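A.B. asks: Need coordinates for the below:
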Amino acid sequence: MSFYVLSKGNLTGIEFDYLSGPNGERLEATLVPGMVMAKNEKLGSGAKAYAIEIMSSPVFSIDAKETVDVALQTLKEKKIHHLVLTQGQSVKGLISDRDLSWLQKFELDKNAKVFQFMSNMILACHEETRIDHIAKVMVKENISAIPVVDSSSQLVGIVTHHDLLRWIYDQ
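C.D. replies: Residues are numbered from 1 along each chain as shown. Okay, the predicted model is just below:
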């Protein structure tokens, strides 16, 4: 399974009809991200790339019961645009700087809990998901970030529109 819906800490596999076609399974073992890129350079521009190669890791997260102010400070300090919200070891949601920017406009209480404003149903992908599939899902579903999980469903990274643009630029 390449894509999942994450809701209330549970991952459920999901298929997108618009990704039908040749199977996107990788036929080689996973390599360290830099090694895969170097290997792809040797293969030429037709080589496929995968989430593990472009994802940002580690993923920055805060507890879903933290305040909006803590979330804003974390986004600013880490210079990131998306923050994963957790409860214990479980991913509960995702919040972006855009989600919080409108809260600032209305001068909402910065002590409000961030879980009140998070996206609690999010799409995630497997670390072996093809980048072209990630890009297509992000465009079709109008999202700017997809958390990445490994084969034991543990959060290992996040692919954002910035990661995709950086990958295109480096090609």
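A.B. asks: what about residue 111, which SS state?
C.D. replies: coil (DSSP: H, G, I helix; E, B strand; the rest coil).
A.B. asks: what sits against it?
C.D. replies: Neighbour list for residue 111: 67-69 [criterion: Cβ atoms under 8 Å, 6 or more residues apart in numbering]. Every residue, glycine included, has its C-beta placed from N, CA and C.
A.B. asks: That one and residue 92: what is the separation?
C.D. replies: 19 Å (Cβ to Cβ, to the nearest Å).
A.B. asks: rewinding a little: which one of the contacts of residue 111 sits closest to residue 53?
C.D. replies: residue 68 (33.7 Å; Cβ to Cβ).
A.B. asks: What's the separation between that closest one and residue 107?
C.D. replies: Relative to residue 107, and taking Cβ to Cβ, residue 68 is found at 11 Å.
A.B. asks: Secondary structure element holding residue 92?
C.D. replies: In this assignment (DSSP states H and E), residue 92 forms part of strand 90-96.
A.B. asks: Pull out the buried residues from that strand.
C.D. replies: 91-96 (16 or more other Cβ atoms under 10 Å).
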